[in-house]
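1. I need the structure of the sequence given here:
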Amino acid sequence: MTGVPAQIARTLRMQRHGAADPTHRVEYGPDDGPVRAVWRTALTVQGPGTLRVRPRENDEVELTAWGPGAHWLLEQGPALLGAHDDLTGFAEVAARHPLLADAHRRRPQFRLSRCGQVLQSLIPSILEQKVTTTSAHDAWRQLVYRYGTAAPGPQELPRGLRVPPTPRAWMMIPSWEWRRAEVDGKRAETVIRACQRAAAIERLAALPVDEAAAKLQTIQGIGPWTAAETLQRSHGAPDLVSVGDLHLPRLICGLLGDPADRSYDDAKMLALLEPFGPHRQRAVRLLLQKR
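-> Residues are numbered from 1 along each chain as shown. Sure thing, here's the model as predicted:
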(Lines give C-alpha, C1' and ligand atoms only; values in the text may rest on other atoms or scores of the structure.)
Protein backbone atom coordinates (compact mmCIF):
# COMPACT_ATOMS: atom_id res chain seq x y z
CA MET A 1 0.00 0.00 0.00
CA THR A 2 1.24 3.49 -0.83
CA GLY A 3 0.07 6.97 0.11
CA VAL A 4 0.43 6.70 3.90
CA PRO A 5 3.12 8.15 6.17
CA ALA A 6 6.06 5.83 6.72
CA GLN A 7 6.25 6.48 10.47
CA ILE A 8 3.75 3.76 11.28
CA ALA A 9 4.65 3.31 14.97
CA ARG A 10 4.23 7.04 15.64
CA THR A 11 0.92 7.19 13.75
CA LEU A 12 -0.49 4.14 15.56
CA ARG A 13 0.76 5.17 19.00
CA MET A 14 -2.50 6.96 19.78
CA GLN A 15 -4.30 3.60 19.43
CA ARG A 16 -2.08 1.92 22.02
CA HIS A 17 -3.01 1.85 25.70
CA GLY A 18 0.36 1.51 27.41
CA ALA A 19 3.60 -0.15 26.39
CA ALA A 20 2.26 -3.56 27.52
CA ASP A 21 -1.09 -3.30 25.71
CA PRO A 22 -1.95 -6.92 24.77
CA THR A 23 -3.76 -5.72 21.63
CA HIS A 24 -0.80 -3.75 20.26
CA ARG A 25 2.84 -4.72 19.75
CA VAL A 26 5.73 -2.89 18.11
CA GLU A 27 8.44 -5.13 16.65
CA TYR A 28 11.90 -3.57 16.44
CA GLY A 29 14.99 -4.63 14.57
CA PRO A 30 18.13 -5.98 16.30
CA ASP A 31 19.49 -3.84 19.16
CA ASP A 32 16.30 -1.74 19.24
CA GLY A 33 16.79 -0.83 15.60
CA PRO A 34 14.15 0.64 13.28
CA VAL A 35 10.55 -0.53 13.54
CA ARG A 36 10.06 -3.76 11.60
CA ALA A 37 6.32 -4.14 12.18
CA VAL A 38 3.35 -3.04 14.25
CA TRP A 39 0.82 -5.71 15.22
CA ARG A 40 -2.74 -4.82 16.22
CA THR A 41 -5.72 -6.99 17.13
CA ALA A 42 -9.39 -6.13 16.97
CA LEU A 43 -12.80 -7.66 17.51
CA THR A 44 -14.42 -6.56 14.24
CA VAL A 45 -18.01 -6.90 13.06
CA GLN A 46 -16.78 -9.94 11.11
CA GLY A 47 -15.00 -11.50 14.09
CA PRO A 48 -11.54 -11.41 15.70
CA GLY A 49 -8.56 -10.47 13.62
CA THR A 50 -4.89 -9.55 13.70
CA LEU A 51 -3.30 -6.92 11.49
CA ARG A 52 0.43 -6.65 10.80
CA VAL A 53 1.76 -3.39 9.37
CA ARG A 54 5.29 -3.44 7.94
CA PRO A 55 7.19 -0.55 6.35
CA ARG A 56 8.78 -1.28 3.01
CA GLU A 57 11.07 0.60 0.65
CA ASN A 58 9.97 3.72 -1.23
CA ASP A 59 7.46 4.71 1.49
CA GLU A 60 5.35 1.64 0.86
CA VAL A 61 3.53 -0.20 3.66
CA GLU A 62 2.62 -3.88 3.67
CA LEU A 63 -0.61 -4.93 5.37
CA THR A 64 -1.28 -8.57 6.26
CA ALA A 65 -4.20 -9.84 8.33
CA TRP A 66 -5.43 -13.11 9.81
CA GLY A 67 -8.64 -14.42 11.33
CA PRO A 68 -12.35 -13.93 10.51
CA GLY A 69 -11.89 -10.15 10.79
CA ALA A 70 -8.96 -10.04 8.34
CA HIS A 71 -10.89 -8.55 5.42
CA TRP A 72 -12.38 -5.80 7.58
CA LEU A 73 -8.95 -4.91 9.00
CA LEU A 74 -7.39 -4.71 5.55
CA GLU A 75 -10.18 -2.43 4.34
CA GLN A 76 -9.77 -0.20 7.40
CA GLY A 77 -5.96 -0.23 7.17
CA PRO A 78 -5.49 2.99 5.18
CA ALA A 79 -7.68 5.00 7.57
CA LEU A 80 -5.89 3.45 10.54
CA LEU A 81 -2.59 4.64 9.10
CA GLY A 82 -3.83 8.17 8.43
CA ALA A 83 -4.26 7.93 4.68
CA HIS A 84 -7.72 9.54 4.91
CA ASP A 85 -6.69 12.25 7.37
CA ASP A 86 -7.54 15.64 5.85
CA LEU A 87 -4.88 18.28 6.51
CA THR A 88 -6.55 20.93 4.38
CA GLY A 89 -5.73 24.35 5.80
CA PHE A 90 -3.53 23.07 8.60
CA ALA A 91 -0.33 24.68 7.31
CA GLU A 92 -2.02 28.08 7.56
CA VAL A 93 -3.38 27.24 11.01
CA ALA A 94 0.01 26.05 12.26
CA ALA A 95 1.66 29.27 11.08
CA ARG A 96 -0.35 31.21 13.70
CA HIS A 97 2.00 30.17 16.52
CA PRO A 98 5.78 29.61 16.27
CA LEU A 99 5.74 26.47 18.45
CA LEU A 100 3.09 24.80 16.34
CA ALA A 101 4.72 25.97 13.10
CA ASP A 102 8.00 24.44 14.24
CA ALA A 103 6.30 21.19 15.28
CA HIS A 104 4.58 20.94 11.90
CA ARG A 105 7.85 21.65 10.09
CA ARG A 106 9.63 18.91 12.06
CA ARG A 107 6.87 16.32 11.55
CA PRO A 108 5.13 17.09 8.25
CA GLN A 109 4.08 13.43 7.95
CA PHE A 110 2.16 13.48 11.24
CA ARG A 111 -1.31 12.00 10.73
CA LEU A 112 -4.28 11.17 12.92
CA SER A 113 -5.24 7.51 13.03
CA ARG A 114 -8.86 6.37 12.60
CA CYS A 115 -9.56 2.81 13.73
CA GLY A 116 -13.29 2.80 12.93
CA GLN A 117 -14.17 0.93 16.14
CA VAL A 118 -16.07 2.89 18.75
CA LEU A 119 -16.53 0.29 21.49
CA GLN A 120 -12.89 -0.86 21.40
CA SER A 121 -11.89 2.80 21.77
CA LEU A 122 -14.53 3.52 24.42
CA ILE A 123 -13.78 0.81 26.98
CA PRO A 124 -10.13 1.78 27.69
CA SER A 125 -11.24 5.43 27.77
CA ILE A 126 -13.75 4.55 30.49
CA LEU A 127 -11.03 2.73 32.42
CA GLU A 128 -8.90 5.91 32.22
CA GLN A 129 -11.54 8.07 33.92
CA LYS A 130 -10.16 9.96 36.96
CA VAL A 131 -7.25 7.59 37.62
CA THR A 132 -3.58 7.63 36.75
CA THR A 133 -2.63 6.53 33.26
CA THR A 134 -0.51 3.72 34.70
CA SER A 135 -3.43 2.35 36.73
CA ALA A 136 -5.78 2.44 33.73
CA HIS A 137 -3.27 0.76 31.43
CA ASP A 138 -2.66 -1.96 34.02
CA ALA A 139 -6.41 -2.58 34.30
CA TRP A 140 -6.80 -2.81 30.51
CA ARG A 141 -3.85 -5.20 30.28
CA GLN A 142 -5.08 -7.48 33.06
CA LEU A 143 -8.67 -7.66 31.85
CA VAL A 144 -7.76 -8.25 28.21
CA TYR A 145 -5.35 -11.03 29.21
CA ARG A 146 -7.96 -12.72 31.39
CA TYR A 147 -11.08 -12.29 29.28
CA GLY A 148 -9.83 -11.72 25.75
CA THR A 149 -8.91 -14.48 23.32
CA ALA A 150 -5.70 -15.57 21.65
CA ALA A 151 -4.92 -13.56 18.54
CA PRO A 152 -5.15 -15.42 15.21
CA GLY A 153 -1.99 -15.30 13.18
CA PRO A 154 1.23 -16.95 12.03
CA GLN A 155 3.90 -18.68 14.07
CA GLU A 156 5.88 -15.46 14.45
CA LEU A 157 2.97 -13.75 16.19
CA PRO A 158 4.29 -11.70 19.15
CA ARG A 159 3.98 -13.50 22.44
CA GLY A 160 0.95 -12.54 24.51
CA LEU A 161 -0.98 -10.79 21.75
CA ARG A 162 -4.71 -10.93 22.58
CA VAL A 163 -8.01 -9.94 21.00
CA PRO A 164 -10.17 -7.74 23.27
CA PRO A 165 -13.08 -9.43 25.08
CA THR A 166 -16.48 -9.62 23.43
CA PRO A 167 -19.22 -7.35 24.84
CA ARG A 168 -20.72 -10.38 26.57
CA ALA A 169 -17.37 -11.29 28.12
CA TRP A 170 -17.01 -7.75 29.52
CA MET A 171 -20.51 -7.99 31.00
CA MET A 172 -19.76 -11.34 32.64
CA ILE A 173 -16.64 -10.20 34.51
CA PRO A 174 -17.29 -10.82 38.24
CA SER A 175 -17.19 -7.87 40.63
CA TRP A 176 -14.12 -9.24 42.42
CA GLU A 177 -12.18 -9.38 39.15
CA TRP A 178 -12.93 -5.69 38.52
CA ARG A 179 -11.63 -4.95 42.02
CA ARG A 180 -8.58 -7.15 41.41
CA ALA A 181 -7.79 -4.97 38.40
CA GLU A 182 -8.36 -1.88 40.62
CA VAL A 183 -11.40 -0.75 38.66
CA ASP A 184 -14.02 0.83 40.90
CA GLY A 185 -17.71 0.01 40.65
CA LYS A 186 -18.65 3.19 38.82
CA ARG A 187 -16.27 2.56 35.91
CA ALA A 188 -17.13 -1.15 35.79
CA GLU A 189 -20.84 -0.32 35.62
CA THR A 190 -20.20 2.17 32.81
CA VAL A 191 -18.32 -0.46 30.79
CA ILE A 192 -21.20 -2.89 31.30
CA ARG A 193 -23.80 -0.28 30.26
CA ALA A 194 -21.80 0.45 27.12
CA CYS A 195 -21.52 -3.25 26.27
CA GLN A 196 -25.28 -3.64 26.66
CA ARG A 197 -25.58 -1.14 23.80
CA ALA A 198 -22.63 -2.49 21.81
CA ALA A 199 -24.38 -2.72 18.44
CA ALA A 200 -25.73 0.84 18.67
CA ILE A 201 -22.35 2.15 19.77
CA GLU A 202 -20.56 0.55 16.83
CA ARG A 203 -23.04 2.22 14.46
CA LEU A 204 -21.71 5.57 15.66
CA ALA A 205 -18.62 4.95 13.52
CA ALA A 206 -20.69 6.03 10.51
CA LEU A 207 -21.87 9.30 12.11
CA PRO A 208 -20.17 12.72 12.10
CA VAL A 209 -18.04 13.42 15.17
CA ASP A 210 -20.39 15.91 16.83
CA GLU A 211 -23.41 13.64 16.48
CA ALA A 212 -21.49 10.58 17.68
CA ALA A 213 -20.22 12.52 20.72
CA ALA A 214 -23.75 13.62 21.65
CA LYS A 215 -25.10 10.07 21.40
CA LEU A 216 -22.24 8.62 23.44
CA GLN A 217 -22.97 11.06 26.23
CA THR A 218 -26.54 9.79 26.58
CA ILE A 219 -25.01 6.75 28.31
CA GLN A 220 -24.71 7.27 32.05
CA GLY A 221 -21.07 7.60 33.07
CA ILE A 222 -19.85 8.94 29.73
CA GLY A 223 -19.10 12.66 29.61
CA PRO A 224 -17.28 15.03 27.25
CA TRP A 225 -13.79 13.81 28.18
CA THR A 226 -14.56 10.12 27.61
CA ALA A 227 -16.41 10.86 24.37
CA ALA A 228 -13.48 12.93 23.08
CA GLU A 229 -10.86 10.34 24.01
CA THR A 230 -12.95 7.68 22.25
CA LEU A 231 -13.72 9.56 19.04
CA GLN A 232 -10.17 10.82 18.65
CA ARG A 233 -9.27 7.16 18.08
CA SER A 234 -12.35 5.79 16.33
CA HIS A 235 -12.95 8.80 14.05
CA GLY A 236 -9.53 10.50 14.01
CA ALA A 237 -11.40 13.65 15.12
CA PRO A 238 -9.05 16.57 14.27
CA ASP A 239 -10.94 19.25 16.22
CA LEU A 240 -12.27 17.41 19.28
CA VAL A 241 -10.34 18.43 22.40
CA SER A 242 -10.37 16.40 25.65
CA VAL A 243 -12.13 18.87 27.93
CA GLY A 244 -11.98 17.81 31.58
CA ASP A 245 -8.50 16.33 31.44
CA LEU A 246 -6.45 16.63 34.63
CA HIS A 247 -3.18 17.62 32.97
CA LEU A 248 -3.98 18.90 29.48
CA PRO A 249 -4.95 22.51 30.40
CA ARG A 250 -1.71 22.97 32.35
CA LEU A 251 0.37 21.66 29.45
CA ILE A 252 -1.37 23.60 26.69
CA CYS A 253 -1.62 26.83 28.67
CA GLY A 254 2.07 26.51 29.51
CA LEU A 255 2.99 26.07 25.85
CA LEU A 256 0.69 28.63 24.24
CA GLY A 257 -0.04 31.13 27.02
CA ASP A 258 1.81 34.04 28.55
CA PRO A 259 4.90 32.63 30.35
CA ALA A 260 4.25 35.03 33.23
CA ASP A 261 0.73 33.68 33.72
CA ARG A 262 0.75 30.35 35.57
CA SER A 263 -3.05 29.97 35.69
CA TYR A 264 -4.80 27.28 33.65
CA ASP A 265 -8.21 25.71 33.18
CA ASP A 266 -10.35 24.30 30.38
CA ALA A 267 -11.79 27.69 29.39
CA LYS A 268 -8.35 29.24 29.03
CA MET A 269 -7.06 26.21 27.14
CA LEU A 270 -9.95 26.37 24.67
CA ALA A 271 -9.45 30.09 24.18
CA LEU A 272 -5.78 29.52 23.35
CA LEU A 273 -6.67 26.70 20.95
CA GLU A 274 -9.49 28.61 19.25
CA PRO A 275 -7.28 30.06 16.47
CA PHE A 276 -6.33 26.53 15.42
CA GLY A 277 -9.83 25.31 14.54
CA PRO A 278 -10.82 23.08 12.81
CA HIS A 279 -7.54 21.38 13.75
CA ARG A 280 -7.42 21.94 17.52
CA GLN A 281 -6.89 18.29 18.44
CA ARG A 282 -4.26 17.91 15.74
CA ALA A 283 -2.49 20.96 17.17
CA VAL A 284 -2.62 19.48 20.69
CA ARG A 285 -1.09 16.17 19.60
CA LEU A 286 1.64 17.83 17.59
CA LEU A 287 2.54 20.18 20.42
CA LEU A 288 2.71 17.36 22.96
CA GLN A 289 4.79 15.19 20.65
CA LYS A 290 7.29 18.04 20.44
CA ARG A 291 7.82 17.99 24.23
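2. give me the low-pLDDT residue ranges for the protein?
-> Across the chain, the stretches falling below the confidence threshold (pLDDT under 70) are 1-6, 31-32, 290-291.
3. hang on, isn't Gln76 packed against Cys115?
-> Yes: using CB atoms under 8 Å, Gln76 is in contact with Cys115, at 7.0 Å. For the C-beta atoms, the positions are set from N, CA and C on the backbone; glycine is no exception.
4. which residues in the stretch 101-250 of the chain form strands?
-> 149-150, 162-163 (DSSP state E, counting those that start in this stretch).
5. Please convert those strands to JSON lines, extending it with distance to Glu229 and mean neighbour count.
-> Shown next, in JSON lines, are the strands of the stretch 101-250 of the chain (distance: least, CB to CB, whole Å; neighbours: other CB atoms under 10 Å):
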{"stretch": "strand 149-150", "distance to Glu229": "25", "mean neighbour count": "14"}
{"stretch": "strand 162-163", "distance to Glu229": "21", "mean neighbour count": "22"}
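6. of all those strands, which lies closest to Arg25?
-> strand 162-163 (10.3 Å; CB to CB).
7. From the chain's centroid, how far away is the closest one?
-> 16 Å (CA atoms, centre = their mean, to the nearest Å).
8. That strand pairs with which strands, parallel or anti?
-> strand 149-150 (antiparallel) (DSSP bridges).
9. possible to save the strands of the stretch 101-250 of the chain as JSON lines with distance to Gly257?
-> Below are those laid out as JSON lines (distance: least, CB to CB, whole Å):
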{"stretch": "strand 149-150", "distance to Gly257": "47"}
{"stretch": "strand 162-163", "distance to Gly257": "42"}
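10. so how far is Ala95 from Leu231?
-> 27 Å (CB to CB, to the nearest Å).
11. who's more crowded, those two?
-> Neighbour comparison, Leu231 and Ala95: the larger count goes to Leu231, with 26 against 12 (by other CB atoms under 10 Å).
12. tell me the contacts of Glu274?
-> Glu274 is in contact with Arg280, counting by CB atoms under 8 Å, 6 or more residues apart in numbering.
13. Check Ala19 too.
-> By CB under 8 Å, 6+ apart, Ala19 lies in contact with nothing.
14. For Phe90, give its distance to Arg114.
-> For Phe90, the distance to Arg114 - CB to CB - is 16 Å.
15. Give me the number of neighbouring residues for the nearest residue to Gln217 once chain neighbours are set aside.
-> Excluding its sequence neighbours, the residue lying closest to Gln217 (CB to CB, 6 or more residues apart in numbering) is Ala227, at 5.5 Å. Ala227 is flanked by 25 other residues according to other CB under 10 Å.
16. Repeat that for Val93.
-> 21.
17. Need the three-state assignment for it.
-> The local conformation at Val93, judged by DSSP: H, G, I helix; E, B strand; the rest coil, is helix.
18. That one and Gln196, how far apart?
-> In terms of CB to CB, Val93 sits 40 Å off from Gln196.
19. Spell out which helix or strand contains Arg54, please.
-> strand 47-55 (DSSP states H and E).
20. any idea which helix is longest in this structure?
-> helix 133-147 (DSSP state H).
21. gap between that helix and the chain center?
-> For helix 133-147, the distance to the chain centre is 15 Å (CA atoms, centre = their mean).
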